[in-house]
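Undergrad: Predicted model, plus sequence, below.
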Amino acid sequence: MSSEHEHFISKEDEELERIREKKLRELVEKKEKKQEMKTEPVHVTDSNFDEIVSRNQLALIDCWAPWCGPCLALAPAIEELAQEYAGKVLIGKLDVDENPRTAECFQIFSIPTMLIMKNGKEVDRIVGLVPKKHVEAVLKRHLG
């Protein structure tokens, strides 16, 4: 085998190794991102709100309080949505009594209020106790 041919094979092996490493990194990142998408609502606070909504392309944040009857009535639907949309939409819950800074920032005057966040920005909101199908329709509008 000529040294020129060996040099060519060596360069080809290096390129294949670079491609393999790049693909492996992409797969690991994709797997980590999927693990971030929980099958139950994520606890959102004043301190982690920005990080959570910026890391997830689409998020629904349920702003609620433990004393709020309509919020408690909505809770099972929120939990179902977290399971059904795992990997597609991050579903979070923000207690407005414990996190007044975020509630004030988004001018949440009535609960339950669901913020629909896309790429870190509010794109929609749902106020009040509404059927799960209504929430799904809004999410689907922003998924497509």
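TA: Now that the structure is in, tell me what you want to look at.

Undergrad: only C-alpha atoms for contact and neighbour calcs from this point on.
TA: Will do.

Undergrad: could you check the distance from the spatially most central residue of the chain over to residue 65?
TA: Taking Cα atoms, centre = their mean, the centroid of the chain lies closest to residue 90, which sits 3.1 Å from it. Remark: distance between residue 90 and residue 65 (Cα to Cα, to the nearest Å) = 20 Å.

Undergrad: and after the lowest-mean-pLDDT helix or strand in the chain, which helix or strand comes next?
TA: Using mean pLDDT, DSSP states H and E, helix 3-36 stands out as the lowest-scoring helix or strand of the chain, at a mean of 71. Where DSSP states H and E defines the elements, the next helix or strand beyond helix 3-36 is strand 42-44.

Undergrad: Direction included, what does that next one pair up with?
TA: Partners of strand 42-44 in the sheet, by DSSP bridges, are strand 90-95 (parallel).

Undergrad: ok, residues contacting the strand it pairs with?
TA: Residues outside strand 90-95 that contact it (Cα atoms under 8 Å, 6 or more residues apart in numbering): 37-38, 40-45, 56, 58-66, 78, 81-82.
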